[in-house]
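Undergrad: below: sequence and its predicted model.
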Amino acid sequence: MPDLPTTWFVLVGVLLTGYAILDGFDLGVGAWHLFTKDDKERRVMLNAIGPVWDGNEVWLVTGGGALFAAFPEVYATAFSGFYEALMLLLFCLIFRAVSIEFRGKQPMLWWRRLWDYGFSIGSLVAALLLGVAVGNVAWGLPLDERHEYAGSFVGMLHPYALLVGVTTVALFMMHGSLYLYVKSDGSLQDKARRWARAALIGFVVCFVLTTAATFWAVPHMVDRFTTYPALFVLPVLIVLMLGNIPRELRLGRGFRAFLSSCIAMAALAGIFGLGMYPNLIFANPVEHSLHIHNAASSTKTLTVMLTIAAIGMPLVLAYTSFIYWVFRGKVKIDATSY
């Protein structure tokens, strides 16, 4: 019998990592949307993510559902403690989705600009909020003995969380520009190449600052790496993948550059997971932390859910792969496009 709580820790992590990689480029493309004034280029950007953005967000819903089933107390603490932030995130995700659908319904310039701003600002704020949430989970939340959040929304906006938030925005903007480079051609592809290089520099700077801040202010996130130095293969992998991106762009191999970004993001998620394990939410004080042993569902529940996951996960992966295969290639604009 496998260690069921650890297995579900990994499965939830895989689902949320899939969301970060897939919806990360959605949000990144949205963040760049206002950096071009050409209406056709903006339409190409919308149609680059149009067939896949809603499917990408399924990974977030599935991850949330898995968290609820496997670790209900973590779900309750996180969703109640982050209530204001989650409602703002939900509003941003809904507003950017509405912007994608409504922008092309009317030809007026003011109408399109309204939804352009909604799409771009919604993407930026959503990316920032996701990063701030990650920063708070790593930093530690003020929880009482009942594991209820004892802080405020403003209290979540401390410097470390904001730094992780800005780093996440830079990461998603790099990721999104690389995806856009793959899906576009002509002048927009040239812009995407420049954006990718600028975002890469911005992310590297933020990543170095976040790493230094983590060693200094959040040492529990690096304890496992100092105990097991072999795990430093993950940071080395990130450096290699980030270094490979400009090389692939210079050679015109956009897909390889995008794949390098995907691998770097997966390695970042691995570092975060290893730093957290076995905890799911660090608490202040530490004895109130939620971990895989005091927050997991019953063995029977985890076993039944594992069977369902064994059936459902391949279906999700097959569906996702099929959609990306069908909509592969460069974006072509026609009368039915956004």
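TA: Done, it's in. Numbering: from 1, shown residues only.
Undergrad: tell me the helices and strands packed up against the strand or helix carrying Met87.
TA: Using DSSP states H and E, Met87 sits within helix 83-102. Applying 3 or more C-beta pairs under 8 Å, 6 or more residues apart in numbering; DSSP states H and E, we find helix 83-102 packed against helix 53-70, helix 109-139. Every C-beta, even on glycine, is put in place using the N, C-alpha and C of the backbone.
Undergrad: need the least confident one among the ones you listed, by mean pLDDT.
TA: Comparing the helices and strands packed on helix 83-102 by mean pLDDT, the weakest confidence falls on helix 53-70, with a mean of 89.
Undergrad: distance from the chain centre to it, please.
TA: Centroid separation between helix 53-70 and its chain, computed with C-alpha atoms, centre = their mean, to the nearest Å, is 12 Å.
Undergrad: any idea how far the closest residue to Val326 other than its chain neighbours lies from Tyr83?
TA: Distances taken as C-beta to C-beta, 6 or more residues apart in numbering put Pro51 closest to Val326, at 7.7 Å, once the chain neighbours are dropped. Pro51 is 33 Å from Tyr83, where distance means C-beta to C-beta, to the nearest Å.
Undergrad: what does Asp39 give?
TA: Shown here: Asp39 relative to Tyr83, a distance of 38 Å by C-beta to C-beta.
Undergrad: elements contacting the helix or strand that contains Val10?
TA: Under the criterion of DSSP H and E, Val10 resides in helix 4-32. For helix 4-32, the packing partners by 3+ C-beta pairs under 8 Å, 6+ apart come out as helix 39-49, helix 53-70, helix 109-139, helix 159-183, helix 186-217, helix 254-276, helix 299-326.
Undergrad: try 6 Å
TA: Using 3 or more C-beta pairs under 6 Å, 6 or more residues apart in numbering; DSSP states H and E as the contact definition, the elements that helix 4-32 packs against are helix 39-49, helix 53-70, helix 109-139, helix 159-183, helix 254-276.
Undergrad: select, out of those, the one closest to Pro5.
TA: With C-beta to C-beta, the closest approach to Pro5 among those belongs to helix 53-70: 7.7 Å.
Undergrad: tell me the buried residues in the closest one?
TA: For helix 53-70, a neighbour-count test (16 or more other C-beta atoms under 10 Å) marks 53, 56-60, 62-64, 66-67, 69-70 as buried.
Undergrad: Phe119: which of these is nearest?
TA: Nearest to Phe119 among those, with distances taken as C-beta to C-beta, is Trp53, at 10.6 Å.
Undergrad: great, nothing more from me.
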